[in-house]
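In: After the sequence you'll find the predicted model.
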Amino acid sequence: MRRFSWKRVLALVVAGAFPMVLGGGAPPGSAEGRTELIVNGGFDAGTSPWWWTSNVSAQVVDGRLCAEIPAGTTNSWDAIVGRSDITLRSGESYEFSFTASADQPVTIRANVQLADPPYTAEISQPVSLGGSQTYRYFFTSRADTQRASVQFQVGGSSVGWTFCVDDVSLKDGAEVPGYEPDTGPRVRVNQVGYLPDGPKRATLVTDAVRPLEWVLRDASGRAVADGRSTPRGVDEASGERVHTIDFSSVRRPGRGYTLTADGETSYPFAIASEVYESLRTDALQFFYIQRSGIPIDGALVGEEYARPAGHVGVPPNRGDIDVPCRKACATTDWTCAVAGTTLATTGSTSSTVVSPRPSC
C-alpha cells in the first residue's frame, strides 16, 4: 500500500445516487458500453472478494459493508478495506464512485493503486466522512496492469469508529470533466493543529455579506462552542470572499475537532500542546530523502522512497569520485593545482585546490 503521495490528481466530488453494482460472475458491461470492473461492489453476495487488514473486522449490515476500525493507529494505511486483481489500461479514463459513511467525523483516503511494489497510486483522494454520502472521482490510468486494487485506507484515528461503504464502482470509458481543483471544505482550518493557549482562527469561503453562525464539535460530535463569523471581504491572494472564525477561547486539548459553518464542515483537527513536536523530525526526513550518496532506508520514510546510494562510481552511473578538470577554451586548460589530476567531488568539501580560471 502506498504510504503517501505528493501527486495531484484530477478529481471531482459530487453528491447523488448511483445504481448498485451486482456481484457474481464476470464484470458485466453497462448499457452504454462501459465495463464495470468491481465485482460485488454492492455486497449483495456477501463480502467476497473484498479483504481487510487483520486489525479490522467487517461484515455486511443492511446491504452495506461495515467495518470496525481500531483506535490508536497512526497512518491511514494502518487499516485498510480493499479489493484486488483489477485490470487497468494505460491511457484509459475511469470513473470511481462509492457511497460511504462514518459514525463520527473522520478523513480517510480512497485509492486506486498497484497492489504490489512500488504501490503507485492512480488516484489517492482524501475523503471527509460523516453521514452517508456518494463520492465520484475521475482519473486517467498511467499503467497497464492486472494487479490494481481499490483501497479505502481508514487508519490514523486515536479512537475506534465504524466505516460503512456501498455501491463501489469503477468503470472504464469515462468522460473526464474539466479540471476543478479540490480545495477541500470551505471551512479552512490549520490541519496541523492549534496550541491550547494560542490563537485559533479559521477561514470560511463564502459569498455571504453578513456574519454566519458557526459550531465547534469534539470527536464525539458534541457541540463545545459556537459563535458568529466576521466578514473580511475579498482575499487579495485568492480572489475569494472570506470570513474569519475565531474560537481562541476553546483551550481544552483533544483530537477530532471539526468546525461547521455555512453548511460546510472542516477537516478534523487537534488542539494539543504537542502538535508541532514532529516539526524537527519532519524537516530532517525531508532532507534525508534528498540525500544522494547514501542509501535511503524505506523503513524510515516509506518503501516507495527507498533506493540505493547514487553517485558512487557504480555503472551505469560513473559517480563523482574521479572528475577531470574542465577545459576553459581550445588553447588553455582549466587546471587543478597539480596538472593532470582529477577531483573527488563527493562529501561536503574537497581537499584539492583548483586554480583560478585563466583567460583564453
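Out: That came through, no problem. Numbers count the residues shown, from 1 in each chain.
In: Quick check: nearest residue in space to Asp103, chain neighbours excluded?
Out: If the residues on either side of it in the chain are set aside, Asp103 comes closest to Thr162, at 4.5 Å by C-beta to C-beta, 6 or more residues apart in numbering. Every C-beta, even on glycine, is put in place using the N, C-alpha and C of the backbone.
In: quick one: the one you found is in a helix?
Out: No - Thr162: not assigned to a helix; according to DSSP: H, G, I helix; E, B strand; the rest coil it is strand.
In: from what I can see it touches Leu65, true?
Out: No - shown here, Thr162 and Leu65 do not form a contact pair, counting by C-beta atoms under 8 Å, at 11.0 Å.
In: what are the bridge partners for the residue nearest to Asp103, then?
Out: On the basis of DSSP bridges, Thr162 is bridged to Glu68.
In: And for Arg64?
Out: Applying DSSP bridges to Arg64 yields these beta-bridge partners: Val61.
In: can you check Phe98 too?
Out: What pairs with Phe98, by the bridge criterion (DSSP bridges), is Tyr135.
In: Then Glu213?
Out: In this structure, Glu213 bridges to Arg228 when assessed by DSSP bridges.
In: what's it in contact with, if anything?
Out: By C-beta atoms under 8 Å, 6 or more residues apart in numbering, Glu213 lies in contact with 226-229, 261.
In: Show me which of those residues are buried.
Out: The neighbour-count test (16 or more other C-beta atoms under 10 Å) marks 227, 229, 261 as buried among these.
In: Run a quick neighbour tally on the nearest residue to the first one once chain neighbours are set aside.
Out: In this case it means Gly227. Using C-beta to C-beta, 6+ apart and skipping residues adjacent in sequence, the residue nearest Gly227 is Trp214, 5.8 Å away. As a burial measure, Trp214 scores 22 neighbours (other C-beta atoms under 10 Å).
In: and Trp214, how far is that from Gly263?
Out: Computed with C-beta to C-beta, to the nearest Å, the distance linking Trp214 and Gly263 is 11 Å.
In: Report the strands that pair with the host helix or strand of Ser84, each with its relative direction.
Out: Using DSSP states H and E, the secondary-structure element containing Ser84 is strand 80-88. Paired neighbours of strand 80-88 in the sheet (DSSP bridges): strand 51-52 (antiparallel), strand 145-153 (antiparallel).
In: Only the C-alpha atoms, please, for the last one, written as CSV.
Out: What follows is strand 145-153 as a C-alpha-only set of coordinates in CSV (Å, rounded to 0.1, in the frame of the first residue of the first chain):
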residue,chain,number,x,y,z
THR,A,145,-1.7,-3.8,-15.0
GLN,A,146,-3.9,-6.7,-13.9
ARG,A,147,-2.8,-6.1,-10.3
ALA,A,148,-4.5,-2.8,-9.4
SER,A,149,-6.6,-2.5,-6.2
VAL,A,150,-9.2,-0.3,-4.7
GLN,A,151,-8.3,0.6,-1.2
PHE,A,152,-10.1,2.5,1.5
GLN,A,153,-7.3,3.5,3.9
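In: So what touches that strand?
Out: Strand 145-153 has contacts (C-beta under 8 Å, 6+ apart) with 1, 38, 76-77, 79-88, 96, 100, 108-116, 122, 163, 165, 168, 170.
In: where along the protein do the helices fall?
Out: Chain-ordered helices for the chain, with DSSP state H as the definition, fall at 279-290, 298-301.
In: which one of the ones you listed is the most hemmed in?
Out: Taking mean count of other C-beta atoms under 10 Å as the contact definition, the stretch among these with the greatest mean neighbour count is helix 298-301, which reaches a mean of 12.
In: buried stuff in the strand holding Ser84?
Out: By neighbour count with 16+ other C-beta under 10 Å, strand 80-88 contains the buried residues 80-83, 86, 88.
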